[in-house]
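**Q** Mind looking at a prediction? Sequence and model below.
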Amino acid sequence: MPNDTRGSILATYGVMADVLLRGHMADLFDGETNFVPELTHEGAIVVLDLPTKIYGQAGLIVQSAFTYLWQTSSEQRDLKANPRPVFWFVDEAQELISNYTPDFLATARSARIASILITQNKPNFLAAMGGEAGRHRVDAILAAISTKVFHANGDPETNKWASDMISDEVQTRMNFHGQREGGHGGGGGSESVGKKVMPSAFTTLKKGGAQNGFISEAIVFQTSGTFGANGEPWMHTKFKQQIPGVTRKATP
């Protein structure tokens, strides 16, 4: 490599790696370890307690690196010798998606991997993937997730996308009119295409808390799934935020 190219690469890597060589991160990464991603294949649950609000860029680098190593090791394992299903659960998922995420999600199911990604809205993913330039990757990520749970949301783009995904239906509209004098009247009907779930429906869902009796509402969509007697791939449902014996009661 030319000296200027080599120098730029080394400088970039040096700046990124420097945060792993000091303080708590140095303790985690210095020396040998028996903590490896493959532990989850034996039933272990790994929790990475390195929030970016505390550890900043260092926490993001560590979680991203471990996530990628876990994804590749889980995809490459021998399913006949180790058929145990595993899962990837990530809150604030926009922090940990990468260019590899669409490729991983596309084949994760065949490797017996369940992925649970949580975020507030679609623009979070777009911002993480570089804005409009990364929209196709965001679409690929969302398309690979077959079950989607939507809670109360005030973002127009997310709500419109969810409404469009649930799709349209042919709706029959009836109208009647009459005259008080003479008893004459008439009516008619017409068919038109309309949304099964309007974008506005996502803005009125109960979002839990004491004001809603600790009830949270959601609209669930599942590709090729059916809910209820009508056989629709979506349903409006609700659940209690408080679980007896598990959830602590809110103090005044």
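**A** Cool, got the structure.

**Q** all strands for the stretch 1-150 of the chain, in order.
**A** Applying DSSP state E, counting those that start in this stretch to the stretch 1-150 of the chain gives strands spanning 86-90, 113-117, 147-150.

**Q** Could you export these as JSON lines, including distance to residue 49 and mean neighbour count?
**A** C-beta here means a position set from N, CA and C on the backbone, and glycine is covered the same way. Below are these laid out as JSON lines (distance: least, C-beta to C-beta, whole Å; neighbours: other C-beta atoms under 10 Å):
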{"stretch": "strand 86-90", "distance to residue 49": "13", "mean neighbour count": "16"}
{"stretch": "strand 113-117", "distance to residue 49": "18", "mean neighbour count": "16"}
{"stretch": "strand 147-150", "distance to residue 49": "25", "mean neighbour count": "16"}
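
**Q** got JSON lines for these, with mean pLDDT and distance to residue 158 too?
**A** Below are the strands of the stretch 1-150 of the chain laid out as JSON lines (pLDDT from 0 to 100; distance: least, C-beta to C-beta, whole Å):
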{"stretch": "strand 86-90", "mean pLDDT": "95", "distance to residue 158": "18"}
{"stretch": "strand 113-117", "mean pLDDT": "96", "distance to residue 158": "14"}
{"stretch": "strand 147-150", "mean pLDDT": "95", "distance to residue 158": "8"}
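
**Q** give me phi/psi at residue 219?
**A** When read as degrees, to the nearest 10, the backbone of residue 219 gives phi -110, psi 120.

**Q** Which residue ranges make up the domains of this protein?
**A** Structural domains assigned to the chain are 34-145, 148-167+197-252, following automatic domain parsing.

**Q** Hmm, residue 70 and residue 108 touching each other?
**A** No. At 11.5 Å, residue 108 does not count as touching residue 70 under the criterion of C-beta atoms under 8 Å.

**Q** what residues are shared contacts of those two?
**A** Common contacts of residue 108 and residue 70 (C-beta atoms under 8 Å, 6 or more residues apart in numbering): residue 88.

**Q** got a markdown table for the strands of the stretch 1-150 of the chain, with distance to residue 214 too?
**A** Listed next are the strands of the stretch 1-150 of the chain as a markdown table, based on distance: least, C-beta to C-beta, whole Å:
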| stretch | distance to residue 214 |
| --- | --- |
| strand 86-90 | 23 |
| strand 113-117 | 22 |
| strand 147-150 | 18 |
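
**Q** Done for today, thanks.
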